[in-house]
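> Dropping a prediction and its sequence here:
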Amino acid sequence: MIMLLLKFLCGFNCICFGGVTKVMCIVVCVSKLRVPLGTLPPSWWMVYLLLLVFAALPVVICDNLALLSGTLRTFQRAGCDDEVVTLRCPHGTSISVQVAQYGKSAPSKAVCPQHSSTPGQQELPPNVTCLWPNALQTVVEACQKKRQCKFQTSPKTFGGDPCPGVRKYVEVAYKCRPYEFRSKVACENDVVPLKCNPNSRIAVYSASYGRTEYESIQCPQPQGVPEETCLVSYATETVMNICHGKRRCTLSADPATFGNPCKPESRMYLKVVYTCGENVNSATVVVTMVTVVMVIVIVVNVVMVVVVVITVMAVGLASVDTATAYIANIRF
């Protein structure tokens with residue numbers, strides 16, 4: 001609605017990608033109005049300031065909701081030899097590399113095909129895969145726990161060439177881990193509450209249900225039952241459907257909610273990693289910003305009164321009305 005009003009007033013759209021650029025666009029738009037800003041009455045100044053406030057409001061809300069949407073998603077990036085690969089996460093999160101491989105799999109002629117003009121290049125034989133074993137370690141060292149990173153795809157970057165003469169590529173899967181996160185564990189048939197303060201909402205990073213051999217201290221197996229690794233593949237999705245974006249929720253760590261991936265005698269458990277992302281209440285932000293605008297308008301009017309009084313005293317004009325008319329004809 002605001003953008004349509006600006007288009008009607010100025011003749012062009014202020015559809016910009018960032019908050020700063022959008023505000024600058026609006027400044028340019030308003031400066032193109034036929035009425036010079038220096039002659040605008042206080043009511044027009046209020047409209048001008050409100051346009052700036054409400055145009056920037058969606059950007060503020062979207063920036064805060066980026067944490068809620070970005071923490072759950074698994075991002076994928078790929079790049080051929082001699083290309084630069086960029087990994088990036090939203091504000092408040094950092095890169096957590098899940099999978100990385102460098103080389104080439106057959107058949108993959110459609111992915112990073114050979115350059116016919118490059119001498120010495122050859123196609124990978126059918127049913128042959130060449131992957132460099134240290135690719136994950138290389139990407140982790142370059143990007144782990146950073147908000148963004150870049151690296152060039154080449155044998156030099158990865159410290160070796162799994163198949164010389166073949167044009168290779170890198171594939172990376174990563175998630176965006178919150179800087180500050182919480183972890184909750186609930187043993188089978190227990191109930192675990194997740195909650196955030198009134199101005200925050202739950203952003204689920206990951207969830208697992210079942211058992212792992214290396215992480216079972218809080219929920220040990222019954223006596224005589226051997227350890228096993230057995231996890232459902234949809235635990236994160238299930239927790240997201242119940243809790244993601246809410247202020248509080250309750251999870252039941254039971255087969256009715258998550259299924260039964262383990263042997264009947266095993267004791268399963270639920271582990272949830274989440275953070276509390278800042279939530280912006282649109283109504284509160286609007287009221288606050290309108291209040292600020294009203295204060296600015298009042299201050300502007302007070303300043304104008306002071307200027308009139310000073311002008312009367314300095315110029316020696318006959319009346320306040322004459323001083324006001326005198327000021328209105330000044331061009332700054």
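Noted; the coordinates are in hand. Residues are numbered from 1 along each chain as shown.
> what ranges do the strands span in the stretch 101-250 of the chain?
Counting by DSSP state E, counting those that start in this stretch, the stretch 101-250 of the chain has strands at residues 130-132, 148-152, 169-178, 182-187, 191-195, 200-211, 230-231, 248-252.
> Which one of those lies nearest to Ile95?
strand 169-178 (5.4 Å; Cβ to Cβ). Placement of C-beta: from N, CA and C, glycine included.
> How about Thr275: what's its closest non-neighbour residue?
Nearest non-adjacent residue to Thr275, counting by Cβ to Cβ, 6 or more residues apart in numbering: Pro178, 3.6 Å away.
> cool, and Arg177?
Excluding the flanking residues, the one nearest Arg177 by Cβ to Cβ, 6+ apart is Ser96, at 4.1 Å.
> Check the secondary structure at that neighbour for me.
strand (DSSP: H, G, I helix; E, B strand; the rest coil).
> Pull the number of nearby residues for it.
Counted by other Cβ atoms under 10 Å, the residues lying close to Ser96 total 19.
> same thing with Thr129?
By other Cβ under 10 Å, the residues close to Thr129 number 13.
> Glu188 versus the residue nearest to Thr275, what's the distance?
Using Cβ to Cβ, to the nearest Å, one obtains 27 Å as the distance from Pro178 to Glu188.
> what's the closest of the strands of the stretch 101-250 of the chain to Ala142?
Closest among these, once you apply Cβ to Cβ, is strand 148-152, at 4.8 Å.
> looking at the strands of the stretch 101-250 of the chain, which is closest to Val295?
strand 200-211 (28.1 Å).
> Show me what the closest one is packed against.
The contact analysis (3 or more Cβ pairs under 8 Å, 6 or more residues apart in numbering; DSSP states H and E) places strand 200-211 against helix 42-70, strand 169-178, strand 230-231, helix 235-243, strand 269-278.
> for the shortest one, packing partners?
In terms of contacts (3+ Cβ pairs under 8 Å, 6+ apart), strand 230-231 is packed against strand 200-211.
> Over to the last one?
Under the contact definition 3+ Cβ pairs under 8 Å, 6+ apart, strand 269-278 sits against helix 42-70, strand 182-187, strand 191-195, strand 200-211, helix 235-243.
> weakest of those in terms of mean pLDDT?
Ranked by mean pLDDT, the helices and strands packed on strand 269-278 end with helix 42-70 at the bottom, a mean of 51.
> May I see the buried residues of the next helix or strand after it?
Going down the chain from helix 42-70, the next helix or strand is strand 74-80, by DSSP states H and E. By 16 or more other Cβ atoms under 10 Å, the buried positions in strand 74-80 come out as 79-80.
> what's the average pLDDT for the helix or strand following strand 74-80?
Later in the chain than strand 74-80, the nearest helix or strand by DSSP H and E is strand 84-88. For strand 84-88, mean pLDDT rounds to 95.
> Determine which stretch of the strands of the stretch 101-250 of the chain is the most buried.
With neighbours taken as mean count of other Cβ atoms under 10 Å, those reach their highest mean count in strand 200-211, at a mean of 23.
> angle of that one against strand 191-195?
Inter-element angle recorded for strand 200-211 and strand 191-195: 150 degrees (by axes from the mean of the first three to the mean of the last three Cα atoms, to 10 degrees).
> any idea how far Leu136 is from Ser96?
Distance from Ser96 to Leu136, by Cβ to Cβ: 12 Å.
> If Leu131 is in a bridge, with which residues?
In this entry, Leu131 is beta-bridged to Gly103, by DSSP bridges.
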